[in-house]
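Participant: The following block contains a protein sequence and its predicted model.
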Amino acid sequence: HVVWGSLLDGQNARRVVLVTGRAAAPTIDGLTVTRGNATSLTGGCGPNSPAGCGGGILVYDAGATITDCHISGNTAVTATTDPVQAASGGGVSVSYGHGVVIRDSTISGNTASTVGVGIGGGVALEYCDGCVVEGNRIVGNTATTVAGQSGRGGGIAITGSGSLLVSVVRNDFLGNAGAPHGLAMGEALSSWDANQVIAGNHIACNAGQEIVWFRYARGSFSGNRVFGSAATDRVLDLYSGDGEVLEVDNNVLVGGGAETVRATAFASYPLAVALRHNTIVGTGVSTGVIVGDHVTVTATNNIVTGHFTGLLSPGAGALVADHTLFWHNNTDGIRGTLAVDGDPAFVNRAYGDFHIQDRSAARGRGAADGTGRDLDGDARPGPDGVDIGADEIAPWWFDFGTATSPVSAGYTRVT
């Protein structure tokens, strides 16, 4: 079935769209879904959201493809007898989903809860098998508006276990919030016990405590651009592991008033992180990467610049650094092996362009580590070897004369 091209208004009195049944897999295309309210509609909500879920759309034990929709101004729960019980998915909630796709849509101004704990202001994915969130604008969503209650994932919250895989790729996260007064776990994005591919997202202007927050996460966080500020406690917060190495590659991570990247863990859930080819930029008062007890971070080919302290492991955790480029830190901290000192020569730091120029000290100074592409998809190594940081300088030339050139496929040959 295909549903398209309509305005659906819940009038703040009801959920707007429900998709349920294992055989169901509709395409929902071009809809405007607004003013939904799922208060007291607890059927089909997962175990982590007993208060209610899916103010705009709920997909329960089903598949669906949601494309080119505007999902705005919806709320999962506005009244509850127990504010500690969580509500999830102000805009969209997927519970036990099967191959659900949310693509090329605008998800804005949605709220999970106005009365208690909230999970996923824009989108909540709970036990979502093979689900994909791709190419969306996720703007101005809030997990909870209540001071003193926790909010997880202002833009998107992921919860899952086992082999379930969720992909969140090439989305814009702008101006989302988890919770007021320091109880947020992921202002933009939260992942709890999930197997994930988080790649190619642009995450900015999300206020508050932690921009991206993972707990027991596995999989990869690659090629993302995440921008915080001195008012942000930390940009990327990694909390405890699940027995696998979390891959953190090719990201630009900017800001953080306390730390840009923090990794902590319980003794019973140790955390292992491979931190490769990231550009980690501070506000002058922060620590670039801080590692707590029961954590092992292997950091290779990263740029660490603009921090009060670059790399720090103050306790029993392990931070092993190799081929790190340090620049303009008050102190570098753990320098590791074969450290490089020099200007990374960003194209335009003030405007958030952290590509490197030809004169960069990062050029050709890295080590081969199996990372075959950079954050733009350019091949590694580049023309001068492996570059340090998220960006690899790409060859500027083009050979018009070879048999494999695009001109051989019918274009006019150029000399």
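Facilitator: Perfect, thanks for sending it.

Participant: I'd like to know the average pLDDT value across the helix or strand that contains I102.
Facilitator: Per DSSP states H and E: I102 is located in strand 101-103. In this model, strand 101-103 has an average pLDDT of 98.

Participant: That one - contacts with which helices or strands?
Facilitator: strand 65-67, strand 131-134 (3 or more Cβ pairs under 8 Å, 6 or more residues apart in numbering; DSSP states H and E). Heads up, the C-betas are built off the backbone N, CA and C, glycines and all.

Participant: And the contacts of the first one?
Facilitator: Contacting residues not belonging to strand 65-67 are listed as 25-30, 57, 92, 100-105 [Cβ atoms under 8 Å, 6 or more residues apart in numbering].

Participant: ok, and what's touching the strand holding I102?
Facilitator: Contacts of strand 101-103 (Cβ under 8 Å, 6+ apart): 64-68, 92, 123, 131-136.

Participant: Whichever of the contacts of strand 65-67 end up buried, select them in ChimeraX.
Facilitator: Filtering those down to the buried ones (16 or more other Cβ atoms under 10 Å) takes a single ChimeraX command:
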select :25,26,28,29,57,92,100,101,102,103,105
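
Participant: Kindly reformat the contacts of strand 65-67 as TSV containing distance to G282.
Facilitator: Listed next are the contacts of strand 65-67 as TSV, based on distance: Cβ to Cβ, whole Å:
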residue	distance to G282
A25	46
P26	47
T27	45
I28	43
D29	43
G30	43
I57	39
V92	35
V100	38
V101	37
I102	34
R103	35
D104	35
S105	34
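
Participant: Could you save the helices and strands packed on strand 101-103 as JSON lines and add columns showing mean pLDDT and mean neighbour count?
Facilitator: As requested, the helices and strands packed on strand 101-103 are arranged in JSON lines below (pLDDT from 0 to 100; neighbours: other Cβ atoms under 10 Å):
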{"stretch": "strand 65-67", "mean pLDDT": "97", "mean neighbour count": "21"}
{"stretch": "strand 131-134", "mean pLDDT": "97", "mean neighbour count": "23"}
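
Participant: could I get the ones you listed as a markdown table with distance to V340?
Facilitator: Compiled in a markdown table, the helices and strands packed on strand 101-103 are given as follows (distance: least, Cβ to Cβ, whole Å):
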| stretch | distance to V340 |
| --- | --- |
| strand 65-67 | 45 |
| strand 131-134 | 36 |
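
Participant: Tell me which of those sits nearest to I393.
Facilitator: strand 131-134 (28.1 Å; Cβ to Cβ).

Participant: what's the following helix or strand after the closest one?
Facilitator: Proceeding N to C from strand 131-134, the next assigned helix or strand is strand 137-139, under DSSP H and E.

Participant: Tell me which other helices or strands the helix or strand just after that following strand touches.
Facilitator: Next helix or strand after strand 137-139 toward the C-terminus (DSSP H and E): strand 142-144. The contact analysis (3+ Cβ pairs under 8 Å, 6+ apart) places strand 142-144 against strand 111-113, strand 118-119, strand 151-152.

Participant: Now these in CSV, please, with extra columns for distance to V245.
Facilitator: Formatted as CSV, these follow (distance: least, Cβ to Cβ, whole Å):
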stretch, distance to V245
strand 111-113, 31
strand 118-119, 26
strand 151-152, 24
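
Participant: Do I have it right that D322 meets I334?
Facilitator: No. Look at D322 against I334 with Cβ atoms under 8 Å: they stay out of range, at 10.8 Å.

Participant: more crowded one of the two?
Facilitator: I334 (21 against 17; other Cβ atoms under 10 Å).

Participant: so what's the more buried one closest to, chain neighbours aside?
Facilitator: Counting by Cβ to Cβ, 6 or more residues apart in numbering, the nearest residue to I334 once its immediate chain neighbours are dropped is L311, at 4.2 Å.

Participant: Helix, strand, or coil at that neighbour?
Facilitator: strand (DSSP: H, G, I helix; E, B strand; the rest coil).

Participant: Can you name the residues bridging to it?
Facilitator: Assessed by DSSP bridges, L311 has beta-bridge partners V289, G333.

Participant: show me what contacts it?
Facilitator: 288-289, 299, 304, 319, 321, 324, 332-336 are the contacts of L311 under Cβ under 8 Å, 6+ apart.

Participant: The residues you listed into a markdown table, with extra columns for distance to F227?
Facilitator: Formatted as a markdown table, the contacts of L311 follow (distance: Cβ to Cβ, whole Å):
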| residue | distance to F227 |
| --- | --- |
| G288 | 15 |
| V289 | 17 |
| A299 | 21 |
| V304 | 17 |
| L319 | 24 |
| A321 | 24 |
| T324 | 22 |
| D332 | 23 |
| G333 | 23 |
| I334 | 25 |
| R335 | 27 |
| G336 | 26 |
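
Participant: out of those residues, which is most surrounded?
Facilitator: Using other Cβ under 10 Å as the neighbour criterion, V304 leads the contacts of L311 with 34 neighbours.

Participant: For A350, grab phi and psi.
Facilitator: Dihedral pair for A350: phi -60, psi -30, per degrees, to the nearest 10.
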